[in-house]
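Asker: Here you go, sequence then predicted model.
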Amino acid sequence: MAENSSLPDLTKAEFDILRIIWKNKKLSVREVHDQVTATHNWAYSTTKTMMDRMVRKQLLARGKYHGVFLYHPLISRPTGFTRLVQFFADQVLELDYGEVVALFSRSKALEPEEIRELEKLLADETGGRHDTS
């Protein structure tokens, strides 16, 4: 999975789409739309527009498989979670990143290797300003 050198800014809607695709690996717009309507009351065209923008932002890639366009993530779950952790730690809880990462590890939201990647991304992004140990 390709990673951008700097962490992407994600909107909540983009994060919601990525969560669906991370679970399923490759999906069509229709498949994403059918799942995202549980949280967003979007028209199909809105879902397609969002996903096309995510391709331009290099969050998703689109490929044609048996005549159908399927989308797959270009960023890992830990990369996507990194911005969420930074916001939550700094703005909501006013905690060090390590304490928020510990919440993820206790909840089993991420696999152990994903937690290690998240810790590394946070340390790299902040230059070690927050404790992630």
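Answerer: Received the coordinates, thanks. Numbers count the residues shown, from 1 in each chain.
Asker: Surely residue 64 forms part of a strand?
Answerer: Yes - according to DSSP: H, G, I helix; E, B strand; the rest coil, residue 64 belongs to a strand.
Asker: so what are the domain limits for the protein?
Answerer: Using automatic domain parsing, the domain parsing of the chain gives 12-73, 77-126.
Asker: between those domains, which gets the lowest average pLDDT?
Answerer: Note on these: lowest mean pLDDT is at domain 77-126, with a mean of 69.
Asker: Could you dump the domains of the chain into TSV and include mean neighbour count?
Answerer: Using the backbone N, CA and C atoms, a C-beta is placed for each residue, glycine as well. TSV is the format used below for the domains of the chain (neighbours: other C-beta atoms under 10 Å):
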stretch	mean neighbour count
domain 12-73	16
domain 77-126	17
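Asker: Tell me how far the spatially closest residue to residue 118 that is not a sequence neighbour lies from residue 117.
Answerer: Nearest non-adjacent residue to residue 118, counting by C-beta to C-beta, 6 or more residues apart in numbering: residue 78, 4.0 Å away. Relative to residue 117, residue 78 is positioned 4 Å away (C-beta to C-beta, to the nearest Å).
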